[in-house]
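S.K.: Could you look at this predicted model? Sequence included:
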Amino acid sequence: MNGFFDIPSDLDNTYFGLIGLHLREALLPVLAGLLAALPVAQLCVRFRWLYPPVLGVTTVFYAVPSLAVFVVLIDYTGQTELTVMIPLAVYSLVVLVPAIVDGVRSVPEETLAASTAMGFGPVRRYLQVQLPIAVPAILAGLRVAVSASISLVSVGALIGNQGALGNLLADAQKYGRPELAVNSVLTTAVLAVLCDALLVLIRNLLTPWMPRGKGGRPKQFAARRELPEPEEASAR
Amino acid sequence: MDSVTKRYPDGTVAVDHLSLEIPDRAITVLVGPSGCGKTTTLRMINRMVEPTEGTILLDGDDLGRQPVTTLRRSMGYVIQNAGLFQHRTILDNIATVPRMIGWGKQKSRERAAELMERVGLDASLGKRYPYQLSGGQQQRVGVARALAADPPVLLMDEPFSAVDPVVRKGLQDELLRIQDELGKTIVFVTHDIDEAIKLGTMVAVMRTGGRLAQFAPPAELLSDPADEFVEDFLGADRGIRRLSFFPSAGLELTRGPVVRADAAGAPPAAAGAPYLLVTDADDRPLGWARPEDLTAGSVDAARLLSHGRPFVPGTDSLRAALDCAVLSPAGWAVAVNDGGRVTGVVSQQTIAEAIRAAHDRTAAQETPGAGSADVTKVAP
């Protein structure tokens, strides 16, 4: 495996430089997608009829090949990172919008009624009750979106070496150095796994209120009977 | 509530010209079959549902004129399944309204801790999350949360229907105890007529279509249902249940057939009694025995017959006394004092006479001079 980390000079970057670039190109679009998905999802919750068309439109966007999008965008944004990131942000919507909608809808009816009865206005109720309770579902969506985005960045190699680690795949062919392809694939996979683990950690920090163990989402009301009585629970 | 109506756009009438005067500092129960508009009525009080017609006044002020969030924060609300915020600790759940009306963190927390004690929750639960509590404990948190900002009015929407009967009884007793201490104006919705009779100072029976069938204290409801619907809703044994409102204090007790296990033979006073009540040396009841089975100085515990659940004269009602008499093979009820010591026994006949006397007294009170007219009214 000689030259495994020997990055060809045409990329004008170091190994770690490529990793940083890759993360930026993968994560910024998901962040932008999240910021766009939150209001869109809230509209879908508020106006139920809006949800099916929104879902349809995001799915159609997802079906458009990124190469086709690049061709269109290149006239406006050129051979830049932005050209790679715009389609990635749009793709993330197909996962994030349903995740947030389902999460917000999963808030039990009683909880909503109780918060209204206690004098929560709609904004306060959204920020302090619905959104926090939707966090596990949102994080589940983010995990899918981030993994997908990290693998999709490589396509950027097709437009002027904007694929970060994906550029190594192109160079492996160009210079006949298969070890570069192995490097690219392994590093991308490790990045995806690490980011996923980080998201799980963030979720656990944000949701100390969720039942742990036995895996899966909390079955809020059904699971109650099986829970240990507090006396037993305190022994843990 | 003055002629309040809720009509939905599709024409369904949930509540139909309902007028109610809800007494201050007492529990008013709205009871009725599902779909009778009782929850809608409750929700019109804190304006989660706006009435189509009519006005609701609180101490003379029209509720419709107040800012809705201020109004809601001044009324505690308890809901089925508690509706706790699963993402907040128990203390933070209880402190919700105090924090919202600007009490400051420290003061709200202290108040929450105080309320946990009041509703019978261990302080160590404060840092837990709702999923770590049992259904009954969650419901206690729900009550504590509603009481947090010390609202004068408490609205309770079937708060105890989702817990098992034993826990429910505990929660009901606890509510009555808390009400004794705090004296809130409580409006309580349930579909369980027994719960209504147990908790209500006044009970409003509602029928399908959102109309009021009867509004009366529970004893009157049982003795004098307004119509067939109310009578059906009360169930078959309303006569027996009515006995809960008759005190057992006046029952004449006899110590004749009571004998201590260590005493010799049957006491002379019990001559002819078919059964004797055997007590231990501390006068606690052991069971009934036939006189011929008793030999001086020793009692075979296995041969004693159960004495049922003894009643405490003055504390328990005639219903408890009658229950005890019916359960006992001798047909006699065992009376004990607060300490569980036998104070005497009383026969079914004596209890029956007391019931008749109580009936006569209430009939005379309700319709002075016309008591007998009630008695002759026969249900179709």
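M.R.: Received, thanks. Numbers count the residues shown, from 1 in each chain, chains lettered A, B, ... in the order given.

S.K.: Is B:G102 in a helix, a strand, or coil?
M.R.: State at B:G102, reduced to three classes by DSSP: H, G, I helix; E, B strand; the rest coil: coil.

S.K.: Could you count how many residues lie near it?
M.R.: B:G102 is surrounded by 8 other residues when neighbours are defined as other CB atoms under 10 Å in any protein chain shown. Glycine gets a C-beta too; all of them are placed from N, C-alpha and C.

S.K.: Next one, pLDDT for it please.
M.R.: For B:G102, the model assigns a pLDDT of 82.

S.K.: Over to B:T350?
M.R.: Reading off the confidence values, B:T350 has pLDDT 82.

S.K.: Tell me how far the residue nearest to it when sequence neighbours are not counted lies from chain A.
M.R.: In space, B:T350 comes closest to B:E252 once its chain neighbours are excluded; the distance is 6.0 Å by CB to CB, 6 or more residues apart in numbering or on different chains. In this structure, B:E252 lies at 47 Å from chain A, with CB to the nearest CB, to the nearest Å as the measure.

S.K.: Where does B:E252 sit: helix, strand or coil?
M.R.: coil.

S.K.: same question, B:G239
M.R.: In terms of secondary structure, B:G239 is helix; the call rests on three-state DSSP.

S.K.: One more: A:F5?
M.R.: A:F5 carries the three-state label coil when classified by three-state DSSP.

S.K.: A:Y15 is in contact with that one, correct?
M.R.: Yes: using CB atoms under 8 Å, A:F5 is in contact with A:Y15, at 5.1 Å.

S.K.: more neighbours, these two?
M.R.: Neighbour count, other CB under 10 Å: between A:F5 and A:Y15, A:Y15 has more, with 15 against 12.

S.K.: List the contacts of the more buried one.
M.R.: Contacts here follow CB atoms under 8 Å, 6 or more residues apart in numbering or on different chains; on that basis A:Y15 touches A:F5, A:I7.

S.K.: Any figure for the gap between it and chain B?
M.R.: The gap separating A:Y15 from chain B is 42 Å, by CB to the nearest CB.

S.K.: which residue ranges form the helices in chain A?
M.R.: Ranges of helices within chain A are A:15-46, A:51-63, A:66-77, A:81-105, A:109-117, A:122-125, A:131-152, A:167-175, A:178-206, A:230-233, based on DSSP state H.

S.K.: Kindly report the same for chain B.
M.R.: Using DSSP H, the helices of chain B run over residues B:38-45, B:68-73, B:90-94, B:96-100, B:105-118, B:135-147, B:165-182, B:193-199, B:218-223, B:228-234, B:238-242, B:318-327, B:348-366, B:371-376.

S.K.: can you put these in a markdown table and add distance to B:A281?
M.R.: Below are these laid out as a markdown table (distance: least, CB to CB, whole Å):
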| stretch | distance to B:A281 |
| --- | --- |
| helix B:38-45 | 54 |
| helix B:68-73 | 60 |
| helix B:90-94 | 48 |
| helix B:96-100 | 56 |
| helix B:105-118 | 40 |
| helix B:135-147 | 40 |
| helix B:165-182 | 33 |
| helix B:193-199 | 38 |
| helix B:218-223 | 41 |
| helix B:228-234 | 46 |
| helix B:238-242 | 36 |
| helix B:318-327 | 23 |
| helix B:348-366 | 28 |
| helix B:371-376 | 48 |
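
S.K.: Put together CSV for the ones you listed, with distance to A:L152 and mean neighbour count on each row.
M.R.: Conversion of the helices of chain B to CSV gives the following (distance: least, CB to CB, whole Å; neighbours: other CB atoms under 10 Å in any protein chain shown):
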stretch, distance to A:L152, mean neighbour count
helix B:38-45, 49, 24
helix B:68-73, 46, 18
helix B:90-94, 41, 25
helix B:96-100, 43, 22
helix B:105-118, 45, 17
helix B:135-147, 45, 25
helix B:165-182, 53, 15
helix B:193-199, 59, 21
helix B:218-223, 69, 21
helix B:228-234, 65, 18
helix B:238-242, 71, 18
helix B:318-327, 75, 21
helix B:348-366, 82, 15
helix B:371-376, 84, 11
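
S.K.: wait, which of the ones you listed is closest to A:I150?
M.R.: Shortest distance between A:I150 and those, using CB to CB, is found for helix B:90-94: 36.9 Å.

S.K.: who does that closest one touch, helix- and strand-wise?
M.R.: With contacts taken as 3 or more CB pairs under 8 Å, 6 or more residues apart in numbering or on different chains; DSSP states H and E, helix B:90-94 sits against helix B:105-118, helix B:135-147.

S.K.: looking at the ones you listed, which is closest to chain A?
M.R.: helix B:135-147 (6.0 Å; CB to the nearest CB).

S.K.: can you pull the contacts of the residue lying closest to B:Q137 once chain neighbours are set aside?
M.R.: Once flanking residues are discounted, B:Q137 sits nearest to B:L121: 6.4 Å by CB to CB, 6+ apart. By CB under 8 Å, 6+ apart, the contact set of B:L121 is B:I90, B:Q137, B:R140, B:V141, B:A144.

S.K.: Can you add distance to A:F120 and give these back as TSV?
M.R.: As requested, the contacts of B:L121 are exported to TSV (distance: CB to CB, whole Å):
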residue	distance to A:F120
B:I90	19
B:Q137	24
B:R140	22
B:V141	18
B:A144	18
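
S.K.: what would these look like in TSV with distance to A:L21 and pLDDT?
M.R.: Formatted as TSV, the entries for the contacts of B:L121 read as follows, by distance: CB to CB, whole Å; pLDDT from 0 to 100:
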residue	distance to A:L21	pLDDT
B:I90	47	91
B:Q137	53	89
B:R140	56	89
B:V141	51	92
B:A144	54	90
